[in-house]
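Peer 1: coords below, sequence missing:
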């Protein structure tokens, strides 16, 4: 499993997402599971999931992200010890 912690306004995240899309396409048939965890709520200090999805959905569509995207929150940030983005686990 490839888990990418990212945010729409994170420059490094924007650079690496096309690579993850390519990896997902290349290795999905061999069992690779790719998951994007948007950190937009804590990264951008947003107030609600609705605010985050308003940023994330257009980004995902524009960049043709083919793997599932979920929203992360402070609990995920703590559980995975996220202190900076981009972060790969």
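Peer 2: On my side now, so go ahead. What you see is a predicted model; the values in this text were computed from it and never measured.
Peer 1: lowest mean pLDDT among the helices and strands, pick that one out for this protein.
Peer 2: strand 87-88 (a mean of 60; mean pLDDT, DSSP states H and E).
Peer 1: where does this protein dip in pLDDT?
Peer 2: 87-89 (pLDDT under 70).
Peer 1: longest helix of it, counting residues only.
Peer 2: Counting residues, the longest helix found in the chain (DSSP state H) is helix 11-27.
Peer 1: chain center to the next helix-or-strand element following that one: distance?
Peer 2: Following helix 11-27 in sequence order, the next helix or strand is strand 34-38 (DSSP states H and E). Relative to its parent chain, strand 34-38 has a centroid offset of 4 Å by Cα atoms, centre = their mean, to the nearest Å.
Peer 1: how close does the residue sitting furthest away from the middle of the chain get to residue 21?
Peer 2: Distance from the C-alpha centroid of the chain peaks at residue 30, with 21.7 Å (Cα atoms, centre = their mean). For residue 30, the distance to residue 21 equals 16 Å [Cβ to Cβ, to the nearest Å]. Every C-beta, even on glycine, is put in place using the N, C-alpha and C of the backbone.
Peer 1: do residue 1 as well
Peer 2: Using Cβ to Cβ, residue 1 is found at 16 Å from residue 21.
Peer 1: which one's more surrounded, the two?
Peer 2: When neighbours are counted by other Cβ atoms under 10 Å, residue 21 comes out ahead of the other of residue 1 and residue 21, with 17 against 8.
Peer 1: isn't the more buried one up against residue 65?
Peer 2: Yes. At 6.2 Å, residue 21 counts as touching residue 65 under the criterion of Cβ atoms under 8 Å.
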